[in-house]
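Participant: mind looking at a prediction? Sequence and model below.
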Amino acid sequence: MTINRRAMLHGLFGGASLLGLRSLATGLPISLLMRPLEARAEYEEAACTNKEAAQYLILSTSLQGDPLNANVPGTYEFPEIVHPPDPRMAKTALSLAGKPTTAAKPWADLPQDVLDRTAFFHHTTLTNGHGGERKVLELMGGTQRNEMFVSIFSKYLAGCLGTVQKQPISLAAQNGSEYLFYEGRALPPLTPNGLRATLLNEPGPLTDLQNMRDKQLDRLNALYKAQGTATQRAFLDRIAKSQAEVRGISQELLDNLAAIDGNDKDDQIVAAAVLIRMNVTPVLSMRISFGADNHFDEGLEDEASSTVSGVAAIGRLQAKLAEMGLKDKVTFAMMNVFGRTLSVRGLSGRDHLGNHHVTVMIGSRVKGGIIGGLAPNEGGADFKALPIDSTTGAGTKSGDIPFEETLGAVGKTLGAAVGVPASVLDEKIFKGKIVPAALV
Amino acid sequence: MRTCRSTLLLFLTGLMLSSACSGTIDGSDDPSDGPDTPFEPVAPHVYVAKVKNILTGLPPTNEELAAVVADPNALKGLVDVWAASPEGQGKLVKWLSLAFQQTQFQGLDNMRVTDASSRLKGLMRESIARTALALTAEGRPLIEMMTTKRFMMTSAMMEYYGYLDVRHVGDGNRVRVKPWQANGGNSWILQNTRPIPLERTLDPSSPDYMNWYTPASIGPDCPTRTYDGGTSAPGYLHLMLYGQVPPSGDCPTYRMGIPATLIYEDYTDWRMVTVRQPKEGERTTPFFDLPRLRSSTELVLDIPRVGFFTSLPFLGEWDTNRANDARVTVNQALIVAFGRSLDSETTIVPISETGLDDDHVTPGSSCYGCHSILDPMRGYFRRNLTVSYHEQLDPEQQARPATFSFEGVNETGSTLDDFGAALAKSPRFGIAWTQKLCFHAASAKCSEDDPEFLRVAKTFEDSNFDLRVLLRELMSSPLITGAARTKTFEDREVVVSVARYDQFCGAHLNRLGVDACNLGTMVRRTAANLPSDGYSRSGEAPVINSETTLFYRAATENICRAVAHSVLEPRVGVGRYSTADEKGAILDFVKTVMGIPEADPRHAESLQILEEHAAEAQQAGFSPLDALRSTFVLACTAPTAVAVGL
């Protein structure tokens, strides 16, 4: 609820006079609240404490608010919930790490070894507006200094994995509304079909002269630093660092990118796997569509087709990771800006639903199963995520993770799955709890 | 007053309790405790280069630098000159297109915009910005962009707007064709058997009316095609004007490549065009009557077009549907005019609650904060436009109330003209646009409580929102130059930024005459990975990337390599540089590519470094050409060439 309190307090008092109240409301010291992400200050960076536990993360995310929450395990217990009548989406039994459940057939078609490491996490995103995408990735005010959780994870994991860069990479953002932010600064999205062209050093004299040029670039940097301000000097240092990072790119592995000729989800899958294989970054984002903004999807036909193709894409991603020897080193997660209504529109389409969403997690440290749950929204429309019992992972009204903190719980649990220590997560994410039931 | 207070408290309570709508709007304005390092003034040779680069993409000259060193106030006059230059106007088109949110649209639902050429899309994106510059040149205030019905258009754009007027898409996505021919018909003929002058084709009294002749083959078995009725008939004629031959009932093959009726000049004949709705009994402008379009400065359309917010790019980017019901359209327009986004922090109480959704009307309920203000404003759009942004013909929608209540502007009305007029009363227009320019030039927000910021905004407002005054005052201000401490630099540092796509590519175009980011497929793909300025849904601030990354570094290096081959003895044509004048080339690399004139204290040593590299490369056995190309790449990837503010 912090966002709402913040909103209220801003509305009442605004600006700096609000800090004391905000400090009270969030439990954070004023000095911390006073430092916005945009400031150039050094971020506190936890040293890697367990390299073996560190995982790469591929996150599929979209501001479209796909009906990802509509046909997954946990939603078939309620007859009021509408599912596409397409036979390809038939209710089908499956097993998640030995636990029987039901879901739309595409999920059941995933290989059993993938299902056994797949968790379906029911929760709220606390927003039903497309513009909330960035805030959802900031866990709706649940992170220190409103840092995106991908930024928190990436920074820590880089130290463990020894990646070329610390920043995450977005392979799918289509405009500013979907950009990832690292330490509060926007990261430009990359295009899969431009990666090879960007990173390739074509053989020839200009490549042969690279080292010689680098030495002179260092001299130019030194010249400008000698006459520059502290800010300019710091920027010059960052230019030099990025140049060194470029030289750390393995040219041998670039040929794996040669087959990419577009920017669709399969191109993103290949690009993500190769960039991880090249150890460029710990965290990448992409987009797998599950039906997008399907308000007027008559018969839920688009939802059916997209779910079939979406789950198949997840399967292809897992296969690609296995092929590249990365299956046990990469966790995949899928989290969008919000879920969609499950019953109120029948088969005529689905509207935005902030009260319920399902994040899918797949990884070697993820235990297959259903985390949380949903129930009819008492006194309101449609369905709503339940509080979560952090011990069992079950959705229950008496859960110790309240509805409002289930989003934070997703963030913390995903962080634990990729090997971010609980101490770091508790410091950086102050909503929700790790749900051990979701973890191996 | 008591009512207002109780409503406010209920609203605030609602915010605490609500969840579904909370936090849907971007933008935290957490205060800052400032930069880590004490303020250091930026030197004239740095900020003169920065300001000129932002405004024109060009490097500073010795004379310009000397003038500012002698008198810092000289910068104002230089800003005037730079902004008015052709390069300056081109750069302003880029910024204004972004600021008016015209740059990110890809196509319009059900409007076949993908049928239009990419060139037409480019024109569409520039139209509003060019309109702003044209109004400015006439001495009109920038705020007139909220209400203008005069737009910079080309004949090709007029054709497209006219076509959209004919193909109507209702709220239920039902497509129908409105009367579009003078004789009430909905069919036309394309043939290549009997030449018919265009004037007869377009003459309603002629028996050859709507009988179009092309000298090109339209299919061996189809010398004549009849497009007879149906909702596709006008769309197929529209495509034919672009040189495409769609299938007809009597000939199902699709052919491309007949001579387009639209000619090159139809894309370049920019002029101010007054767009208005028809008077009683008047017909709209026929989209296919190109001679008339070419000679006209008036376009009669059923769809109301007013201000920046009814342009195709704006509406195309912010598409809506029956659930969203034009909320996004209203909110994005508010961001342009007020620099503010509707969010749950807003506490304005509307003057009328008529128009609120039933589900959200109760103060304290979730979403009330947004919807209490947004929902009454939807009426302006929905009374007049369908969710596909066509003319609204549904009487139920036409009867919806429309109330504007935001930031102290409280109005009721019915038309989009009324909505534009309400936007034009924005008390924050000066601040909003000073801030937009600050983001653009400083790559960061200026503090709105900074006395210098407020001075610039007030000067702009006092000038009756003269864009030239805003440019002069802000671009010469310490807020941008960093030449002196202001409150803003207590809140953040003077930002040094990477040269983003438009800056990096624009500089090469204007300095070297090379379309650096368009030198073949590989370079285009590489350039796509340079950061671009953008805007986001609900975001008050533009999305700006100022940071260097390994991908930025790699991309600029590879683009610079391609440019090196283009400017130095290319395989085809004559390059700007030659090994025959190596010394002169290297001097120009420093002055033009790196932007460091002789008067810059770093010039001599920079020149020496480049000369030493060229010599060292040749000593290592590389050819003079390869050595000089490598020296070019060195200059092109030098910090001052890839960054703004060094």
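Facilitator: Alright, I've got the coordinates.
Participant: alpha carbons only for contacts and neighbour counts from here, please
Facilitator: Noted.
Participant: max-length helix in the chain?
Facilitator: Picked chain A for this. Secondary structure of chain A per DSSP state H: the longest helix is helix A:301-323.
Participant: not what I meant, chain B
Facilitator: helix B:118-137.
Participant: quick check: pLDDT value at the residue of the stretch 1-150 of chain A found nearest chain B.
Facilitator: Taking C-alpha to the nearest C-alpha, chain B has its nearest neighbour within the stretch 1-150 of chain A at A:Gly132, 4.3 Å off. With respect to pLDDT, A:Gly132 has a value of 86.
Participant: and chain B, is stretch A:267-274 touching that?
Facilitator: No: Stretch A:267-274 is not in contact with chain B by C-alpha under 8 Å from any C-alpha of the partner chain; minimum separation 13.8 Å.
Participant: how distant is that stretch from the center of its chain?
Facilitator: Chain-centre distance of stretch A:267-274: 16 Å, with C-alpha atoms, centre = their mean, to the nearest Å.
Participant: what lies in contact with that stretch?
Facilitator: A:58, A:171-172, A:192-193, A:195, A:253, A:256-257, A:260-261, A:284, A:286-287, A:317, A:320-321, A:324 (C-alpha atoms under 8 Å, 6 or more residues apart in numbering or on different chains).
Participant: backbone dihedrals for B:Asp417, please?
Facilitator: phi -60, psi -40 (degrees, to the nearest 10).
Participant: burial of it, as a residue count?
Facilitator: The number of residues packed near B:Asp417 is 19, by other C-alpha atoms under 10 Å in any protein chain shown.
Participant: let me see the contact set for it.
Facilitator: Taking C-alpha under 8 Å, 6+ apart as the test, what B:Asp417 contacts is B:147, B:306.
Participant: please report how far it lies from chain A.
Facilitator: Distance of B:Asp417 to chain A, computed by C-alpha to the nearest C-alpha, to the nearest Å: 27 Å.
Participant: circling back to that earlier point, ok, and of the contacts of stretch A:267-274, which contact chain B?
Facilitator: Answer for the contacts of stretch A:267-274 near chain B (C-alpha under 8 Å from any C-alpha): A:193, A:195.
Participant: so which of the contacts of stretch A:267-274 belong to helices?
Facilitator: A:192-193, A:195, A:317, A:320-321.
Participant: what residues does the stretch 101-250 of chain B put near chain A?
Facilitator: B:Gln104.
Participant: remind me which residues of the stretch 101-250 of chain B are low pLDDT?
Facilitator: Scanning the stretch 101-250 of chain B for pLDDT under 70 picks out B:106-117.
Participant: how about the helices in it?
Facilitator: B:118-137, B:155-166, B:198-201, B:233-241 (DSSP state H, counting those that start in this stretch).
Participant: tabulate those (CSV), appending mean neighbour count.
Facilitator: Below are the helices of the stretch 101-250 of chain B laid out as CSV (neighbours: other C-alpha atoms under 10 Å in any protein chain shown):
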stretch, mean neighbour count
helix B:118-137, 21
helix B:155-166, 24
helix B:198-201, 16
helix B:233-241, 21
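Participant: in TSV, list these along with distance to A:Val164.
Facilitator: As requested, the helices of the stretch 101-250 of chain B are arranged in TSV below (distance: least, C-alpha to C-alpha, whole Å):
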stretch	distance to A:Val164
helix B:118-137	37
helix B:155-166	47
helix B:198-201	64
helix B:233-241	50
